[in-house]
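> below is the sequence, then the predicted model.
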Amino acid sequence: MLHRNYALATVALASFVLAMTDAEASAQRTFVASYGNDANVCSLTQPCRGFAAAITQTISGGEVIALDSAGYGPVTITQSVSIIAPAGVYAGISTAQGVTIHAPNIKVALRGLTINNTSANGAGYGIYLEQGVELSVESCVISNFYSVSFG
């Protein structure tokens, strides 16, 4: 009987540890910073460097927040998420392919971002909504693109 209880306790402890590991891999709110590293967990004290890495650490419906001014690279979004640059923070995406939203039934909010095309001919897109059900773009600057594209 004692052996059986010990085995059950071991299984319960192992399940708890695995559940904690999954919970730590995803957060409601993640952060990016100019001094961040994409190998970090994207927390306030250990921010990631780019939006793409931070989204992988963010649960569906969560937020990615820029802590300071920098360029944070292009991003493909495949889950519901908000990407936010607070007032006074320049969160830039300078590229010919800015933000791609690519998954059915997701809701995306972009706030305070600066998306600038760096290609010589202006080709590409700032925000490309390929799939998704809701897109909110607030206080963003999108420049040097020929068109806006909705898939």
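Sure thing, it's come through.
> any idea which residue sits dead centre in the protein?
Residue closest to the average C-alpha location in the chain (Cα atoms, centre = their mean): Ile55, at 2.7 Å.
> touching, it and Gln79? I think so.
Yes - counting by Cβ atoms under 8 Å, Ile55 does reach Gln79; the two are 7.2 Å apart. The way it works is simple: take the backbone N, C-alpha and C, and place the C-beta from them, glycine included.
> which residue ranges form the helices in this structure?
Secondary structure of the chain, counting by DSSP state H: helices at 2-25, 51-56.
> could you measure from Tyr90 over to Ala39?
Distance check for Tyr90 against Ala39: by Cβ to Cβ, to the nearest Å, it reads 24 Å.
> which one's more surrounded, these two?
More crowded of Tyr90 and Ala39, by other Cβ atoms under 10 Å: Tyr90, with 15 against 10.
> quick check: longest strand of the chain.
Longest among the strand segments of the chain by residue count, using DSSP state E, is strand 58-66.
> what's in contact with it?
By Cβ atoms under 8 Å, 6 or more residues apart in numbering, the list of residues contacting strand 58-66 from outside reads 26-33, 42, 51, 54-55, 72, 79-86, 89, 91, 106-107, 112.
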